[in-house]
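# sequence and predicted structure below; questions after.
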Amino acid sequence: MWVYEKKLEYPVKVSGPNPKLAKAVITQYGGPDGELAASLRYLTQRYSMPTSQAKGVLTDIGTEELAHMEIVAAIVYNLLKNAPLEQIKAAGMEGYYADHDRSLFFVNGDGVPWVAAYIQSKGDPIADLHEDMAAEEKARSTYEHLINLSDDPDVTDVLRFLREREVVHFQRFGETLNIVWEHLSSRKVW
Amino acid sequence: MDYHYPVGCGPMELARAYVCPQPAYTQRFCPVEGLKHGTIFPELVRVYVPEQARPVCPGEVG
Amino acid sequence: MMPAMNKDELMLRIQALEFTAVDLNLYLDTHPCDARALADFNQVAAALAQAVAVYEQMCGPLTNFGRSQSCGRWAWVEQPWPWETQG
């Protein structure tokens, strides 16, 4: 079960309204390699993992990804808050504004809605852990692209934090892969 | 529980991926430094140089 | 012993301590036999609990569903919320 802590994992502030940047950053909220995809992927894979240690890693990283989703939401919320319509139009966000005003929704940078096909739970622990490692690399890569795009140093600072977390998560999933492989080898289940 | 890490402890197998396990840490950042870096472990920090900040060699593309 | 801090300094301290606990938690998930890391984690967890207690005295509950008490009024539904960081 989950409880909610009324704080962000990392502090967020922005320099001012910036719909153009929000339009790019939102992909880490509702896009293919974003935090919603990461958290749901890990939280659904954990049920069929063969070792208690793997269930722990997937539960813990899946939970941390929910906290990251909240951080991305806070960035986008603050970049859109009080943004004048002229800026929203100049950013090409009329379509998003028509459907959502300045609220948060699960889409990528082009407005494509989130879909469960972004994730997989194969039930094969080796396949699942490789997917998780790939997911962390894709997320890291996306944060690097967003850092390249960002013209707000306050936002860049948060993006750097989120990027480094992907590096650490990759390491933990890789260690879990080692451990699960050893476990399956010792049981000769394949 | 005793986990046997395969890396460096024997022959590596074909068709198998390995990630080097993090050795037991001896130092970590203090909490505020750790938060700023995005990890408390100095050995896991991977600095990113944004595209616009990279030096470009003549003749190099991308 | 914690020096006197204002609300923002306390929140940063809590964020820093909890983040340390998160990173140690993930490390321990793949290194469960590291006794030194376990002792380190427990020390951080104790410091975090202390900082949270001081913060909650000052600013109301940090966690829902019975993890924090609410004295005198239902402060949980009061402003601000974590994403409302400015303006």
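Thanks, I have the structure now. It should be emphasised that the depicted structure is a prediction, and the values quoted were computed from it without experimental measurement. Residues are numbered from 1 along each chain as shown, chains lettered A, B, ... in the order given.
# report the mean confidence score over the host helix or strand of C:Val54.
Following DSSP states H and E, the helix or strand that holds C:Val54 is helix C:35-59. For helix C:35-59, the mean pLDDT works out to 97.
# now for that helix, which elements pack on it?
On a contact count with 3 or more Cβ pairs under 8 Å, 6 or more residues apart in numbering or on different chains; DSSP states H and E, helix C:35-59 meets helix C:7-30. Backbone N, C-alpha and C define where each C-beta goes, glycine included.
# name the residues of the helix it packs on that are buried.
Residues of helix C:7-30 classed as buried: C:10-30 (neighbour count, 16 or more other Cβ atoms under 10 Å in any protein chain shown).
# near chain B, which residues of chain C are found?
When proximity is defined by Cβ under 8 Å from any Cβ of the partner chain, chain C lies next to chain B at C:12-13, C:15-17, C:19-20, C:23-24, C:27, C:30-34, C:36-37, C:40, C:44.
# quick one, what contacts the residue positioned nearest the centre of chain B?
Centroid check for chain B by Cα atoms, centre = their mean gives B:Leu44 as the closest residue, at 4.3 Å. Contact analysis of B:Leu44 by Cβ atoms under 8 Å, 6 or more residues apart in numbering or on different chains lists A:Glu164, A:Val167, A:Val168, A:Gln171, B:Gln22.
# chain neighbours aside, what residue packs nearest to the spatially most central residue of chain A?
With distances taken as Cα atoms, centre = their mean, the residue of chain A nearest its centroid is A:Glu35 (1.6 Å). Closest residue in space to A:Glu35, ignoring its immediate chain neighbours: A:Met69 at 3.8 Å, by Cβ to Cβ, 6 or more residues apart in numbering or on different chains.
# now swap in C:Gln69 and tell me
C:Pro61 (6.9 Å).
# wait, that neighbour sits on C:Gly72?
No - shown here, C:Pro61 and C:Gly72 do not form a contact pair, counting by Cβ atoms under 8 Å, at 11.7 Å.
# look at the two and report which has more neighbours.
C:Pro61 (20 against 6; other Cβ atoms under 10 Å in any protein chain shown).
# mind checking the SS state of the more buried one?
When classified by DSSP: H, G, I helix; E, B strand; the rest coil, C:Pro61 comes out as coil.
# return the residues in contact with it.
A:Lys6, C:Arg67, C:Ser68, C:Gln69, C:Ser70, C:Ala75, C:Trp76.
# same deal with C:Val44?
So C:Val44 contacts B:Pro31, C:Leu17, C:Thr20, C:Ala21, C:Leu24 (Cβ under 8 Å, 6+ apart).
# what do you get for B:Phe41?
A:Val168, B:Gln22, B:Tyr25, B:Arg28, B:Phe29, C:Asp23, C:Tyr27.
# the same query, at a cut-off of 10 Å, please.
B:Phe41 sits next to A:Val168, A:Gln171, B:Gln22, B:Tyr25, B:Gln27, B:Arg28, B:Phe29, B:Gly34, C:Asp23, C:Leu24, C:Tyr27 when contact means Cβ atoms under 10 Å, 6 or more residues apart in numbering or on different chains.
# looking at the residues you listed, spot the one nearest C:Leu48.
Proximity of the contacts of B:Phe41 to C:Leu48 (Cβ to Cβ) peaks at C:Leu24, which lies at 11.0 Å.
# now that closest one, nearest residue through space, not along the chain?
Per Cβ to Cβ, 6+ apart, closest to C:Leu24 is C:Phe41, 4.4 Å.
# mind checking how far that neighbour is from chain B?
For C:Phe41, the distance to chain B equals 11 Å [Cβ to the nearest Cβ, to the nearest Å].
# what about the nearest residue to A:Leu58 once chain neighbours are set aside, neighbour count?
Of all residues not flanking A:Leu58 in the chain, A:Arg46 sits nearest, at 3.6 Å (Cβ to Cβ, 6+ apart). Number of residues near A:Arg46 (other Cβ under 10 Å) recorded here: 19.
# show me what counts as buried in the helix or strand hosting A:Asn178.
Using DSSP H and E, A:Asn178 sits in helix A:153-187. Of all the residues in helix A:153-187, those buried under the rule 16+ other Cβ under 10 Å are A:154-181, A:183.
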